[in-house]
Structure formats: structure tokens, C-alpha cells
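[1] when you get a sec, could you give me coordinates for this:
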Amino acid sequence: MKADDNAKADEQPTPDPADTAASLLEALNEHLLKQAAEGAGPEALNQRIVESVNLLNTQLAAHVPVLSALGPELLIAQARGLVAQSAASYFDGATKLALASQGVLLRQMTESIVNNNLDAATESALGALNTHLLVGGAAAVAAASGVLDAEGVSQALERINTSIAQFSAIASERTPSA
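    Numbering: from 1, shown residues only. The predicted structure is shown next:
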């Protein structure tokens, strides 16, 4: 048993890595502070490197206004593109929905005409005309974001409104079948 006790006494405790790193960092800090106090400066460095760094700092300082404005300009340009893309997607979705609705309404109108139910056919036709307003509204959103020509959309909406008004007037003048 005495051999084991002697072996344990000969073993030295292993140092903690965190303590070792902390003491190394402290020694390095003391060395750097000592160098700074002694005045070790640019003359201790390669003169070409010092001149290059000074030139680069001067150039960067001259371009600070341009560089600081670059970020917001990029964000604004990116936001415009995202808005246009969203408006185009909205217009595409609304157009597909309107076309599907028109298909259903035109089918109902045709069936109503075949069944000689002109009132139902008239309602289906008016509904089909109203789906143009859905597309027109989506087109107005797309025009507001710059995806479509605003003047063309405005003219199309006026024509849609005129068509609906004319059809409604004709439908109301028509006497109901008895």
C-alpha cells in the first residue's frame, strides 16, 4: 500500500485550462500595455503597411456619405420590386378567380336559356359582367404599384362600368315573362 501512497504523492495536479488561459491572457495584456506606455508605435511597424492603412482610412473617410446612403437606397429599390411582384401576383390570382367565376356563370346562363328561364339567365349574365369589376379592381392595384399602365386600367374600368349600366338598363326595361 505504501507504493500506491508514494505514486499519488509524486503525481502533480493537472492545471485547469481555464486558469491557464486566463493567466496567459493577463500576461499578454500586461505586455501590450507596457509596449503602449513605452511608445512603441508606427516606427516599430513596416512603413509601407502603415502608409497603406492611412491611405485606406483617408479614402474611406471621403466616401462615408456615399456609403451611408447606399443601404437605404438599396432597401427602397428592393421594396419597390417586392410591391410590384406582390401586385402582379394579386392581379394574376384575381384574374384566375374571375375567369373561373365567369365559366360557372356562363354555364348557368346557358342552362337557364335552354330551360327558358330568362330571369335567371339575365342574373347570370349580370354576374359574369360583374366579375370584370373584380379583374378591374385587381388591375387598379397593379396599376397603383406600377405593374400596369394606370391610364389603360382607368379606361377599362370605365368601359366595364358602362357595359354593366347598359346591360342593367336593358334588363330592367325588359318585361318579365308570364
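[2] now the strands for the protein?
    Read by DSSP state E, the chain holds no strands at all.
[3] okay, now the unreliable bits of this structure?
    1-12, 36-37, 39-45, 67, 70, 175-178 (pLDDT under 70).
[4] ok, now with 80
    1-22, 25, 28-29, 32-50, 60-77, 80, 145-148, 150, 171-178 (pLDDT under 80).
[5] spatially central residue in it, please.
    Most central in the chain under Cα atoms, centre = their mean is Leu82, positioned 5.2 Å from the mean C-alpha point.
[6] so where's the longest helix in this structure?
    helix 64-114 (DSSP state H).
[7] looking just at contacts, which helices and strands does it meet?
    helix 118-144 (3 or more Cβ pairs under 8 Å, 6 or more residues apart in numbering; DSSP states H and E). Glycine gets a C-beta too; all of them are placed from N, C-alpha and C.
[8] orientation of the helix it packs on relative to helix 64-114 in degrees?
    170 degrees (axes from the mean of the first three to the mean of the last three Cα atoms, to 10 degrees).
[9] by contact count, what packs against helix 118-144?
    With contacts taken as 3+ Cβ pairs under 8 Å, 6+ apart, helix 118-144 sits against helix 64-114, helix 150-173.
[10] buried residues in it, which are they?
    118, 121-125, 127-132, 134-143 (16 or more other Cβ atoms under 10 Å).
[11] same question, stretch 85-103
    Those would be 87-88, 90-91, 94-95, 98, 101-102, for stretch 85-103 by 16+ other Cβ under 10 Å.
[12] mind putting the helices and strands packed on helix 118-144 in CSV, distance to Leu25 included?
    Converted to CSV, the helices and strands packed on helix 118-144 look like this (distance: least, Cβ to Cβ, whole Å):
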stretch, distance to Leu25
helix 64-114, 34
helix 150-173, 66
